[in-house]
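In: below is the structure, and that's it, no one-letter string:
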């Protein structure tokens, strides 16, 4: 933990890498949210272009496919005027038998400034940050079942924009907690930012062992868990889990853990409905809720760009100061 | 028809989307040609770069593969200084089961400004334009067998550059009219711009029912149809049609409907030869004609960039005015 | 030869295309190295961006996959502010049956300024340069077993940076000379630039017939060939050769022709170790040598960008002067 914490911050305590929410201070998360706020305001202008990262090269290292996350990182980098090098890893040098470390060393030698890493193995981004040259920043865009910190921060940003503050808030995270790196990052962020209560609502088969140790209260019944809740975060149900005997049918799942209009009424009247996308309509959420007035699902997408611009520019400015 | 017409224009009657030629006024088509003229002149300069769409994000939504059309749209956008987000739809979120509408909603939420859409279904671009946020422009880069309006406009531009005016012109469109969205758009454009006569020359199996209602005269014999013609537009023969029993062998097709030097002599002495590309040499056109002095096939490609720059900048400036 | 030489130079004797090292003058190679030197210095600045090719369009025509070469050309072009059009040829128009020449004609018609060509057939880049419009520059990024001139020049640049001069230098090129376009370009460059001796060290099965005619001395024993050598260039062993009965097992190959710490001691004490990458650790080179103090393998990657920026800008400025 301590090692991770140090790894993310430079000697001045500023963000150098963004790998996990766990181990970061509230002040740093708040700085990210405040920086994102200024980008969000500016993004409503006609010309959404800022010269902050002009002449910097950002490498998209996506070992796992993700249209949406990749597109928002690409747009964030483009709007900061950075140059982007997209590596299609599946068809690249690694297929010639080169190791991950050799790939990293070679990209470093091309004088790139940042890696945005998505990988199916937990810890991949940490590994790269540990081994990269000191002048390089690494952003974790999702690693295995570990963390997805920019997704969590865009969720925090979306909550703060609506609710102003985290104090007093009750948040329920519903669905496949076991396999969700998004949930793990959200739980850490909500606890660090001072939410009143973080609940997880899931069948036992979709909860990690000793989940309470993360600082959550556990519910197995959606109709109970949603009571008095201010924010509902629905998780995407990975279809591939379905076949793994962890779950009954889709319609059975929706009946128990899907968010319908009726279920939504159990929560507080002004409860926000969130989802990291892409949504499975009729599986974890009904269309009427997803498209309804309490849903902020598309605002999350918009906010994702401002938050990624904030994280990227903070990590890079930090480098500038220390060089 | 009326609905479509309104859909393409904003409340001031200016171009917002470019979906089909059908239903547009002559004055608007002429405005596109005039705007393209200025881009064509500027493109001969050393630095082919204009800041008109700086800070704007254009999404290439190609559900159907097309190297050439995609490259010219990409170059047009790049030369207007826009940012481009290319979505490889086949391997993207839609493969996670997301609907087209959800994909559109999410891209909108990323604050993009324009969709360039190519789809194998007729009406796909209209559907997106109908459902997109009002601030977004949609350009149809080919939808099923319906229309391919920028291709038609680059053809009109190429004709006007050579012939000065459409009045008095006889144009023959030769080949697979039935499946050609290009032909459909060309026929509308030529009639709107006031051509003297639009002929289609094709075997009966490659003509739509009641084709005359589009405002064309019909010929089944190339040696008859080319008489007194000023412009010959050859269509690409889709190889996949060959196997569908609609057609005899390639050499048989060339004998009847291919453009050879001998056939070309039947047309007016200064007749222009056009083709949307890529050409099948020896199938619908001989190499000597394709590469000969009457061919303007490569000028069509060059003009395609200027015309796409015109359409893109018109659609976007329109947005600026109305916001 | 003479034809090739003329083809690469314009009427003023300046570089227009960069297709092969063979046939070029020492003064031109030195000009490339000197120009690269200035880009290398500038690349250490915070903002690695130069407006030299602003508004120019460079087409990456990679018929053969290569992550590293493609990435360094892309970064070089980006840092010169050029626009890049990447053509994925495998899935493009050529799959619609279009010929290479028609593809080139069409790209030319899009008013592009440069082709960077990689192709599995020797002579592909020459063919394109011969057939392209006079205003276009062609850079060979590797053609069959013929040449890979920018790789050779980045190697020369790396040697000159360390050794100051080529006079008096003994260079050994070790491995699969037979199939290596890199080796062929390196041999020409070293001889033109005045190296004392160029040695090739390889089993007989991996040497071309009459290799001595290229101006090299031939060794079949690594322990003999490395004596008194100042620069050791290890070639990548293509795994696919392994299965072709040209070679024994990987471990057998390493024993005879792999560079280990022990073998390295045979060369001069300050001998540089080079490799075009990606390396096969434990096949042609041990990890301790590849990562050791005499290795300049990663500097080669860094220098590759400066050298490609030099070649690109020289070829394009040349065009500007003659237009």
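Out: Noted; the coordinates are in hand. Remember, predicted model here, so these are calculated numbers, not experimental data.
In: quick check: closest non-adjacent residue to the residue of the stretch 1-150 of chain A found nearest chain B.
Out: Closest contact between the stretch 1-150 of chain A and chain B, by C-beta to the nearest C-beta, is at residue A:47 (3.2 Å). For the C-beta atoms, the positions are set from N, CA and C on the backbone; glycine is no exception. In space, residue A:47 comes closest to residue B:55 once its chain neighbours are excluded; the distance is 3.2 Å by C-beta to C-beta, 6 or more residues apart in numbering or on different chains.
In: now do the lengthiest helix in chain A: distance to the chain's middle.
Out: Counting residues, the longest helix found in chain A (DSSP state H) is helix A:297-322. From the chain centre to the centre of helix A:297-322 is a distance of 12 Å (C-alpha atoms, centre = their mean, to the nearest Å).
In: list the buried residues of that helix.
Out: Judged by neighbour count (16 or more other C-beta atoms under 10 Å in any protein chain shown), helix A:297-322 contains these buried residues: A:297-316, A:318-319.
In: and the residue of the stretch 1-150 of chain A closest to chain B, how many neighbours?
Out: 12 (other C-beta atoms under 10 Å in any protein chain shown).
In: that one contacts residue B:53, correct?
Out: No. Look at residue A:47 against residue B:53 with C-beta atoms under 8 Å: they stay out of range, at 9.6 Å.
In: quick check: the residue of the stretch 1-150 of chain A closest to chain B vs residue B:111, distance?
Out: As judged by C-beta to C-beta, to the nearest Å, residue A:47 and residue B:111 stand 12 Å apart.
In: could you do residue A:295 as well?
Out: Distance, residue A:295 to residue B:111, using C-beta to C-beta: 18 Å.
In: compare these two (neighbour count), which wins?
Out: When residue A:295 is set against residue B:111 and neighbours are counted by other C-beta under 10 Å, the residue ahead is residue A:295, at 22 against 19.
In: which residue is the nearest non-sequential neighbour of the more buried one?
Out: Nearest to residue A:295 is residue A:273, by C-beta to C-beta, 6+ apart, at 4.6 Å.
In: distance check, the one you found against residue A:292.
Out: 7 Å.
In: check residue A:10 too.
Out: Residue A:10 is 44 Å from residue A:292, by C-beta to C-beta.
In: and the two? Which one has more around it.
Out: Taking other C-beta under 10 Å, residue A:10 and residue A:292 do not tie; residue A:10 has more neighbours (18 against 14).
In: in this structure the more buried one contacts residue A:16, no?
Out: Yes. At 4.4 Å, residue A:10 counts as touching residue A:16 under the criterion of C-beta under 8 Å.
In: how is chain A divided into domains?
Out: As recorded under automatic domain parsing, the domains making up chain A are A:2-146+A:302-322, A:149-296.
In: show the subsequent helix or strand relative to the worst-scoring helix or strand of chain A on mean pLDDT.
Out: Here the helix or strand of chain A ranked lowest by mean pLDDT, DSSP states H and E is helix A:2-8, holding a mean of 65. Proceeding C-terminally, helix A:2-8 gives way to helix A:26-42 as the next helix or strand, assigned by DSSP states H and E.
In: who does that following helix touch, helix- and strand-wise?
Out: In terms of contacts (3 or more C-beta pairs under 8 Å, 6 or more residues apart in numbering or on different chains; DSSP states H and E), helix A:26-42 is packed against helix A:149-163, helix A:181-192, helix A:297-322.
In: isn't residue A:180 right up against residue A:237?
Out: No. Residue A:180 lies out of contact with residue A:237 (C-beta under 8 Å); the separation is 10.1 Å.
In: any buried residues in stretch A:111-122, and which?
Out: A:111, A:112, A:113, A:114, A:115, A:116, A:117, A:118, A:119.
In: joint contacts of residue A:273 and residue A:292?
Out: residue A:264 (C-beta atoms under 8 Å, 6 or more residues apart in numbering or on different chains).
In: residue of the stretch 101-250 of chain A nearest chain C, please.
Out: Counting by C-beta to the nearest C-beta, the stretch 101-250 of chain A gets nearest chain C through residue A:109, at 3.6 Å.
In: leaving out sequence neighbours, find the closest residue to the residue of the stretch 201-323 of chain A found nearest chain B.
Out: Going by C-beta to the nearest C-beta, chain B is nearest to residue A:301 of the stretch 201-323 of chain A, at 3.6 Å. The shortest distance from residue A:301 to any residue other than its chain neighbours is 3.6 Å, reached at residue B:109 (C-beta to C-beta, 6+ apart).
In: near chain B, which residues of the stretch 151-300 of chain A show up?
Out: Residues of the stretch 151-300 of chain A lying near chain B by C-beta under 8 Å from any C-beta of the partner chain: A:239, A:277, A:278, A:279, A:280, A:281, A:298, A:299, A:300.
In: if you set the cut-off to 7 Å instead, what comes out?
Out: Residues of the stretch 151-300 of chain A lying close to chain B by C-beta under 7 Å from any C-beta of the partner chain are A:277, A:278, A:279, A:280, A:298.
In: is it true that the second one touches residue B:102?
Out: Spelled out, that is residue A:278. Yes. Contact criterion C-beta atoms under 7 Å: residue A:278 and residue B:102 qualify, at 6.4 Å.
In: got a list of contacts for stretch A:265-281?
Out: With contacts defined as C-beta atoms under 7 Å, 6 or more residues apart in numbering or on different chains, stretch A:265-281 is touched by A:68, A:151, A:155, A:158-159, A:162, A:182, A:223, A:226-234, A:236-237, A:259, A:264, A:285, A:287, A:289-290, A:294-297, A:300-301, B:93, B:96-98, B:102, B:106.
In: now the residue nearest to the spatial centre of chain A: how far from residue A:285?
Out: Centroid check for chain A by C-alpha atoms, centre = their mean gives residue A:151 as the closest residue, at 1.8 Å. From residue A:151 across to residue A:285, the span is 17 Å (C-beta to C-beta).
In: what does residue A:188 give?
Out: 24 Å.
In: next: residue A:149.
Out: Distance from residue A:149 to residue A:285, by C-beta to C-beta: 24 Å.
In: what do you get for residue A:175?
Out: 9 Å.
In: same thing with residue A:301?
Out: 15 Å.
In: repeat that for residue A:109.
Out: As for residue A:109, its distance to residue A:285 is 46 Å (criterion: C-beta to C-beta).
In: residue A:172 too?
Out: Taking C-beta to C-beta, one finds residue A:172 at 13 Å from residue A:285.
In: comparing those two, which shows the higher neighbour count?
Out: Comparing residue A:172 with residue A:285 by other C-beta under 10 Å, the one with more neighbours is residue A:285, at 30 against 26.
In: go ahead and confirm that one touches residue A:235.
Out: No. Applying C-beta under 7 Å as the test, residue A:285 and residue A:235 come out as separate, 9.9 Å apart.
In: burial of residue A:6, as a residue count?
Out: 13.
In: residue A:315 reaches residue A:137, doesn't it?
Out: Yes. Residue A:315 lies in contact with residue A:137 (C-beta under 7 Å); the separation is 3.9 Å.
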